[in-house]
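Trainee: what follows is a protein structure lacking sequence information:
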């Protein structure tokens with residue numbers, strides 16, 4: 001659904017709080033105030049009148065210079081002022097659309113309500129807004145603007161519960177009237193229950209806010225932008241971030257009331273995926289997709305080597321697949337090395353180190369401890385990777401029960417005698433081999449020495465490891481060509 005709204009009939013309540021009455025709650029380095037300012041500026045650039053934008057900020061001392069940067073009026077981000085804006089300024093307005101953007105601290109109360117802290121909050125007086133009641137209020141006949149887009153970059157953890165706080169948490173609750181049948185809301189939240197929002201202190205921005213802002217900037221002047229398209233684009237940006245930058249969670253409720261929840265923080269998923277040794281990875285997109293399809297329909301899949309010589313990239317393909325689809329394995333991804341210590345020991349150690357409440361009894365034999373793994377592993381689909389299997393019978397005692405939550409991926413040079421579905425891996429295509437060489441040596445070199453580059457790729461049989469070796473020789477000091 002694409003919402004129609006005129007900029008002059010659009011309003012904004014924009015809140016950014018990084019400085020609190022309780023000093024130890026301050027957001028180190030800042031971020032919320034700048035994120036809010038930039039969002040308010042985005043609204044104004046798209047024709048929303050200044051008088052329609054209520055910008056409530058509480059900035060750290062070192063960020064005070066940001067406040068006047070865009071020429072917008074800045075107000076207090078206190079509970080009283082924000083409540084007054086909602087109930088007395090916005091409520092009677094006749095408009096097409098209301099944007100709410102909030103960046104700052106939040107929590108989940110004992111009643112599982114999302115609360116957003118205001119700037120005047122401290123440990124004796126938890127000044128906050130009840131987000132749940134606010135959304136219900138906006139969708140009632142007490143509020144005239146019927147379309148709302150709510151974007152919240154705030155924590156949703158349980159600090160009060162952890163400190164033993166009991167009873168209902170005081171705060172601003174909005175009392176609604178009758179539900180409006182024509183009210184529509186699109187809600188985006190950065191955190192799930194129990195999680196904290198991630199902040200990039202160096203760049204003074206929340207990762208979630210940054211992703212939303214960057215996507216809105218690419219909307220080609222369309223106002224208001226298609227929120228379904230914005231949502232998909234934000235998710236894609238999250239997928240492209242370094243894992244340390246990933247937000248924990250992404251939630252949205254569409255105009256039609258459909259809800260989608262996506263988990264992005266890979267630190268929440270236990271794994272021991274090895275570091276990739278490839279400087280570049282090309283020419284295997286089709287194989288990764290084939291691997292995904294095989295693992296969807298089979299419990300055990302092997303990546304094999306049609307050359308039988310090694311170096312075709314079996315392990316690297318398994319690493320790339322594990323990284324790309326880690327989110328599909330919420331129960332974890334456990335890599336096992338058949339050439340290392342006993343596989344059962346590796347499996348049990350992974351469980352003890354990474355899984356909650358995983359304590360195999362001391363009296364169990366190793367086989368009993370492995371059986372304990374299958375029974376006591378945490379919930380969610382699991383990927384077990386047996387890398388470089390010399391004899392597939394070696395791993396048979398350590399395979400999980402059929403039809404369980406576990407998927408098994410093995411890499412092996414063997415390409416005959418396997419009883420499991422396999423993905424045969426061989427040489428790269430000539431184009432992919434040339435692309436890999438170009439990425440290793442630079443496009444300029446390959447373009448200037450195209451015929452030589454083609455002959456080098458052919459010389460090593462289009463095998464990935466051979467191309468790496470050729471590139472290493474070419475990069476030796478004093479060598480200008482191969």
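Mentor: Received, thanks. Nothing here was measured: the structure is a model prediction, and the numbers come from that model.
Trainee: show me where the stretch 1-150 of the chain has helices.
Mentor: For the stretch 1-150 of the chain, helices defined by DSSP state H, counting those that start in this stretch occupy the ranges 32-45, 79-84, 131-138.
Trainee: could you dump those helices into a markdown table and include mean pLDDT, mean neighbour count and distance to residue 5?
Mentor: Using the backbone N, CA and C atoms, a C-beta is placed for each residue, glycine as well. Output for the helices of the stretch 1-150 of the chain, formatted as a markdown table (pLDDT from 0 to 100; neighbours: other CB atoms under 10 Å; distance: least, CB to CB, whole Å):
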| stretch | mean pLDDT | mean neighbour count | distance to residue 5 |
| --- | --- | --- | --- |
| helix 32-45 | 95 | 24 | 12 |
| helix 79-84 | 97 | 18 | 23 |
| helix 131-138 | 93 | 20 | 15 |
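Trainee: export those helices to TSV and tack on distance to residue 62?
Mentor: As requested, the helices of the stretch 1-150 of the chain are exported to TSV (distance: least, CB to CB, whole Å):
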stretch	distance to residue 62
helix 32-45	11
helix 79-84	23
helix 131-138	29
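Trainee: out of those, flag the one nearest residue 442.
Mentor: For those, proximity to residue 442 was assessed by CB to CB; helix 32-45 is nearest, at 36.9 Å.
Trainee: how much space between residue 452 and residue 188?
Mentor: For residue 452, the distance to residue 188 (CB to CB, to the nearest Å) stands at 52 Å.
Trainee: who has more neighbours, the two?
Mentor: residue 188 (20 against 14; other CB atoms under 10 Å).
Trainee: can you give the domain ranges for the chain?
Mentor: By the assignment in automatic domain parsing, the chain contains the domains 7-265, 285-425, 430-474.
Trainee: for the helices of the stretch 1-150 of the chain, which one sits closest to residue 122?
Mentor: That would be helix 79-84 among those, by CB to CB, at 11.8 Å.
Trainee: and the closest one, how far from the chain's centre?
Mentor: Centroid separation for helix 79-84 versus its chain: 33 Å, with CA atoms, centre = their mean, to the nearest Å.
Trainee: go ahead and confirm residue 441 touches residue 471.
Mentor: Yes - using CB atoms under 8 Å, residue 441 is in contact with residue 471, at 5.5 Å.
Trainee: pretty sure residue 213 sits against residue 41.
Mentor: No - counting by CB under 8 Å, residue 213 stays clear of residue 41, with 10.0 Å between them.
Trainee: contacts only, for the nearest residue to residue 103 once chain neighbours are set aside.
Mentor: Nearest non-adjacent residue to residue 103, counting by CB to CB, 6 or more residues apart in numbering: residue 32, 3.7 Å away. Residues in contact with residue 32 (CB atoms under 8 Å, 6 or more residues apart in numbering) are 16-18, 103-104, 153, 206.
Trainee: I'd like the average pLDDT over stretch 59-75.
Mentor: Averaged across stretch 59-75, pLDDT comes to 87.
Trainee: and the end-to-end length of it?
Mentor: 11 Å (CA to CA, to the nearest Å).
Trainee: lowest confidence element among the helices and strands of the protein?
Mentor: Ranking every helix and strand in the chain by mean pLDDT, DSSP states H and E puts helix 159-162 at the bottom, with a mean of 48.
Trainee: just after that one, pick out the following helix or strand.
Mentor: Per DSSP states H and E, the first helix or strand lying C-terminal to helix 159-162 is strand 184-189.
Trainee: strand partners (parallel or antiparallel) of that following strand?
Mentor: strand 147-154 (parallel), strand 249-253 (antiparallel) (DSSP bridges).
Trainee: rank the ones you listed by mean pLDDT and give me the bottom one.
Mentor: Looking at the strands paired with strand 184-189, the bottom one is strand 249-253 with a mean of 52.
Trainee: I'd like to know which of the helices of the stretch 1-150 of the chain lies nearest to residue 458.
Mentor: helix 32-45 (52.4 Å).
Trainee: and that closest one with strand 147-154, angle?
Mentor: 160 degrees (axes from the mean of the first three to the mean of the last three CA atoms, to 10 degrees).
Trainee: chain center to helix 32-45, what's the gap?
Mentor: Using CA atoms, centre = their mean, the offset of helix 32-45 from its chain centre is 23 Å.
Trainee: what pairs with residue 199 across the strands?
Mentor: With DSSP bridges as the rule, residue 199 is bridged to residue 206.
Trainee: pretty sure it is touching residue 34, no?
Mentor: No - in this structure residue 199 lies outside contact range of residue 34 using CB under 8 Å: 10.9 Å.
Trainee: residue 273 is nearest to which of the domains of the chain?
Mentor: When these are compared by CB to CB, domain 285-425 sits nearest residue 273, at 4.8 Å.
Trainee: now the closest one: average pLDDT?
Mentor: Mean pLDDT, computed over domain 285-425, is 85.
Trainee: equivalent analysis for stretch 201-218, please.
Mentor: On average, stretch 201-218 scores 87.
Trainee: where in the stretch 101-250 of the chain is pLDDT low?
Mentor: Residue ranges of the stretch 101-250 of the chain with pLDDT under 70: 110, 112, 158-168, 192-195, 238-250.
Trainee: related to what we said a few turns ago, spit out the residues that contact residue 199 and residue 34 alike.
Mentor: Joint contacts of residue 199 and residue 34 (CB under 8 Å, 6+ apart) are residue 205.
Trainee: ok, residue 94 to residue 360 distance?
Mentor: To residue 360, residue 94 is 66 Å away according to CB to CB.
Trainee: hmm, I typed the wrong one, I wanted residue 16.
Mentor: Distance from residue 16 to residue 360, by CB to CB: 49 Å.
Trainee: between the two, which is the more surrounded one?
Mentor: More neighbours surround residue 16 than the other of residue 16 and residue 360, with 33 against 17 (other CB under 10 Å).
Trainee: tell me the pLDDT of the more buried one.
Mentor: 96.
Trainee: what does the one 3 residues further on give?
Mentor: What the model reports for residue 19 is a pLDDT of 95.
Trainee: that one and residue 64 touch, don't they?
Mentor: No - using CB under 8 Å, residue 19 is not in contact with residue 64, being 9.5 Å away.
Trainee: which one's more surrounded, the two?
Mentor: residue 19 (22 against 12).
Trainee: can you tell me which residues contact that one?
Mentor: 26-27, 33, 58-61, 119.
Trainee: among those residues, which ones are buried?
Mentor: For the contacts of residue 19, a burial check counting by 16 or more other CB atoms under 10 Å picks out 26-27, 33, 58-60, 119.
Trainee: take the residues you listed and keep only those in strands.
Mentor: Residues of the buried ones among the contacts of residue 19 located in strands (DSSP state E): residue 58.
Trainee: give the burial count for the closest residue in space to residue 76 that isn't next to it in sequence, as a bare number.
Mentor: Counting by CB to CB, 6+ apart, residue 76 lies nearest to residue 56, which is 6.5 Å off, once chain neighbours are set aside. Residue 56 has 22 neighbouring residues, counting by other CB under 10 Å.
Trainee: no further questions, thank you.
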